[in-house]
Each structure stands twice: as structure tokens, then as C-alpha cells.
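Colleague: prediction below, plus the sequence it came from.
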Amino acid sequence: ESKIPLGHATWKPPRDDPKYAMWLRFKDSYRQTMLADGDYVCRTLPLLGRPGGGEADGAAEIRANLRAALATQFLDHGRRDFWRSCLANYRLVGQYLFQRGRAFFNTVLLVLLSVLAHLTVNPLAAYALSRFRMRGTAKILRFLLATMAFPAAVTAIPGFLLVRDLGLLNTLAALVLPTVASGMSVFILKGFFDALPRELYEAAAIDGASEWTVFLKVTLPMTTPILAVNALNSFVAAYNSWEWAFLVCQKESNWTLAVWMYQMSQQMGGQPWCVMAGFVLVSIPTAVVFLACQKIILRGIVLPSMK
């Protein structure tokens with residue numbers, strides 16, 4: 001009742017209510033114990049007596065009827081207080097993440113550029129390896145597979161030195177360029193391109209289609225499920241990447257939502273409810289993208305096994 005504004009208060013304390021009177025005695029004893037003995041003793045008041053062997057005033061009655069008093073308090077105000085606290089946590093997280101610098105704009109721009117570059121470079125490289133029989137194809141594939149054997153932490157320092165020497169620190173290019181090419185994506189796309197019937201390319205050549213036309217009008221439409229999987233992987237990698245963004249962008253104006261989420265988890269470690277609310281909030285875009293591409297992704301999983 002103390003949270004209701006005075007100008008809009010319509011609640012009045014009940015008269016001659018033994019439960020309400022007991023609750024008032026409990027709160028007074030709680031407040032006095034907190035002032036005298038500290039918060040720990042106050043929180044354990046229903047289980048412990050006062051230091052020195054004596055009991056707090058009304059402690060026996062409180063221990064016997066505390067469950068009923070708490071139940072009454074929850075039924076009267078618990079739901080309202082729960083939703084107020086829940087919305088307050090999300091409001092605090094939203095203000096922390098979306099009102100600091102250009103975090104939201106930087107994240108949207110980073111994701112769009114990363115997905116676009118990923119879907120441009122990797123299909124072209126895989127198509128070239130599959131369509132044109134070059135002598136070094138096997139060596140190139142082995143090199144691409146070798147890049148998958150090293151974790152991102154191993155390449156962090158060499159990548160940082162390269163970005164620094166190129167003068168790209170604190171720029172969007174430092175976040176986008178390292179994620180353009182992916183050995184796993186090229187390897188998967190090449191295997192899917194190899195499984196396409198060669199008669200399609202021969203028919204297109206007879207009709208006079210150029211190589212660009214064959215790539216854009218014949219090959220890409222038939223590989224939509226694999227492209228959707230690669231797009232989702234690129235989105236997740238760019239959206240959740242906070243270590244690399246924190247390493248190459250020291251200016252707060254260039255930080256993304258993932259970096260601010262990491263900062264919030266460090267600064268609000270004593271308030272885990274706010275940190276969990278932040279994780280729920282930042283996971284919504286990934287869930288939306290996955291649900292939007294679910295049917296296409298499932299086709300990408302099923303069709304290669306049927307071929």
C-alpha cells in the first residue's frame with residue numbers, strides 16, 4: 001500500500017483485522033531488528049531469536065502465523081508487485097542497452113552488412129570451385145578445412161594486429177571484414193553445388209546463357225535452403241560477437257548491443273534478475289529470425305540427406 005500515490009490512493013487499512021495487525025507488528029519488529037542487528041539477522045528473524053538468547057517482541061506469534069500473513073500479503077498485492085518489478089527490470093535494461101551511444105544502430109548495420117557480404121563472397125567462391133575444375137581445388141579445400149580447426153581466440157591477436165596496421169580500428173569495417181569469408185560455408189556450398197545435375201548447366205549453355213546468368217538464375221534458386229542456413233549462421237555470429245567488437249572498438253559510440261550486454265552483466269552482477277531480463281531481451285531477434293526461416297532451414301537439413 002505504500003507504493004500507491006497519495007493522490008490516487010483508494011485503499012484504507014482494515015479495522016479490527018487480526019492478520020493485518022499481526023503483519024504491522026511483524027514489520028515493526030523487522031525494522032527495529034534491522035536497525036539494531038543488521039540485515040542478516042533481520043532476514044532470519046522468523047527462524048532465529050535475538051542475539052543474547054532473548055526473543056524479539058512477538059517472535060513466537062510471528063513464527064506460528066508468518067505463513068498466513070505472507071499469504072495474505074501476496075494475495076492482496078503480490079501480483080501487482082510482481083508485474084511492477086518485472087516491468088521495471090525490463091525498463092531498466094532497455095534504457096541501459098538502447099539509450100547508450102548508437103548501440104542499436106550499430107548492431108542493425110553490422111548484421112545487415114555481415115549477412116550481405118557473407119551471402120555474396122562464399123557462394124561465389126564455392127561456385128568457382130565446383131564449376132571450374134582447377135588443379136589446386138583439393139589443396140584449397142584442405143586449407144579451408146584447416147581454418148575450421150582453430151578457435152577464434154587463436155586468431156584474435158593476429159587479426160587485431162592486421163586491423164591495426166590497416167588503420168581500421170574503431171570502424172565498422174573492422175567488425176564486418178573478418179566475418180566475410182567462412183571456410184565452413186564454402187565447403188558446404190561446394191558440396192551442394194556438386195550435387196546439382198550437370199544437365200542443367202549444359203541446357204543453360206545451349207540456350208546461350210552466360211556464366212553470371214547460370215549462377216543467378218539456375219544455381220542460386222536451387223540452393224536457397226543452404227543459403228538460408230548460412231545467412232542464419234552469419235546473423236548469429238555477427239549479433240552475438242562481443243569479444244571481437246570489444247577488442248577492435250574501444251570507443252563506446254561504436255559498441256554493439258552484445259558489448260553493452262557484457263558490460264551490464266559485469267556492472268549488475270549483484271542484480272541477476274536484471275541480467276536475466278537483458279538476456280531475454282537480446283535473444284528475441286535471434287528467435288524471430290529463426291522462426292521466420294524455420295521452413296527454409298528444415299528444407300536445407302532434409303534435402304541433402306535425400307540426395
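Modeller: Perfect, I can see it now.

Colleague: so where's this protein uncertain?
Modeller: 1-13, 30-79, 81, 297, 299-307 (pLDDT under 70).

Colleague: please enumerate the strands of it.
Modeller: Shown for the chain, no strands are assigned by DSSP state E.

Colleague: count the residues that sit near the spatially closest residue to Tyr201 that is not a sequence neighbour.
Modeller: Of all residues not flanking Tyr201 in the chain, Val214 sits nearest, at 6.1 Å (CB to CB, 6 or more residues apart in numbering). All C-beta spots, glycine's among them, are computed from the backbone N, C-alpha and C. For Val214, the count of nearby residues is 19 (other CB atoms under 10 Å).

Colleague: contacts only, for Val214.
Modeller: 201, 204-205 (CB atoms under 8 Å, 6 or more residues apart in numbering).

Colleague: rerun that using 10 Å as the cut-off
Modeller: Val214 makes contacts with 127, 131, 200-201, 203-205, 207, 220, as judged by CB atoms under 10 Å, 6 or more residues apart in numbering.

Colleague: how close does Phe132 sit to Lys139?
Modeller: 15 Å (CB to CB, to the nearest Å).

Colleague: does Leu247 touch Ile157 like I think?
Modeller: Yes. Taking CB atoms under 10 Å as the definition, Leu247 is a contact partner of Ile157 at 9.1 Å.

Colleague: who's more crowded, these two?
Modeller: Neighbours per residue (other CB under 10 Å) separate Leu247 from Ile157, with Leu247 holding more: 16 against 10.

Colleague: and Ala126, how many neighbours?
Modeller: Neighbour tally, Ala126, other CB under 10 Å: 25.

Colleague: any idea how far the spatially closest residue to it that is not a sequence neighbour is from Pro272?
Modeller: In this structure, Ala126 finds its nearest non-sequential neighbour in Leu189, 3.4 Å apart by CB to CB, 6+ apart. Distance from Leu189 to Pro272, counting by CB to CB: 42 Å.

Colleague: and these two? which has more neighbours close in?
Modeller: Leu189 (25 against 10).

Colleague: touching, the more buried one and Ser130? I think so.
Modeller: Yes. Counting by CB under 10 Å, Leu189 touches Ser130, with 8.0 Å between them.

Colleague: list the residues that contact both of those two?
Modeller: In contact with both Leu189 and Ser130: Thr219, using CB under 10 Å, 6+ apart.

Colleague: Pro178: neighbour count?
Modeller: The burial count for Pro178: 20, using other CB under 10 Å.

Colleague: which ones are touching it?
Modeller: Per CB under 10 Å, 6+ apart, neighbours of Pro178: 114, 152, 155-156, 159-160, 162-163, 168, 241, 244, 248.

Colleague: switch to 7 Å and redo it
Modeller: For Pro178, the contacting residues are 159, 244, by CB atoms under 7 Å, 6 or more residues apart in numbering.

Colleague: now it: how far from Leu227?
Modeller: 21 Å.

Colleague: with adjacent residues omitted, what lies nearest to Thr256?
Modeller: Thr107 (4.5 Å).

Colleague: was I right to think that neighbour contacts Val259?
Modeller: No. Taking contacts as CB atoms under 7 Å, Thr107 lies outside contact range of Val259: 9.4 Å.

Colleague: ranges for the helices of the stretch 151-300 of the chain?
Modeller: 156-165, 173-176, 183-194, 198-206, 211-213, 220-222, 224-240, 243-248, 257-267, 272-282, 284-292, 294-306 (DSSP state H, counting those that start in this stretch).

Colleague: and the residue nearest to Thr256, how far is that from Leu247?
Modeller: With CB to CB as the criterion, Thr107 and Leu247 are 17 Å apart.

Colleague: what of Ala195?
Modeller: Taking CB to CB, one finds Ala195 at 39 Å from Leu247.

Colleague: got it, and Glu202?
Modeller: Taking CB to CB, one finds Glu202 at 49 Å from Leu247.

Colleague: now Arg164
Modeller: Taking CB to CB, one finds Arg164 at 10 Å from Leu247.

Colleague: returning to what we had before: between the contacts of Val214, which is closest to Ser253?
Modeller: Using CB to CB, Leu220 comes nearest to Ser253 of the contacts of Val214, at 37.2 Å.
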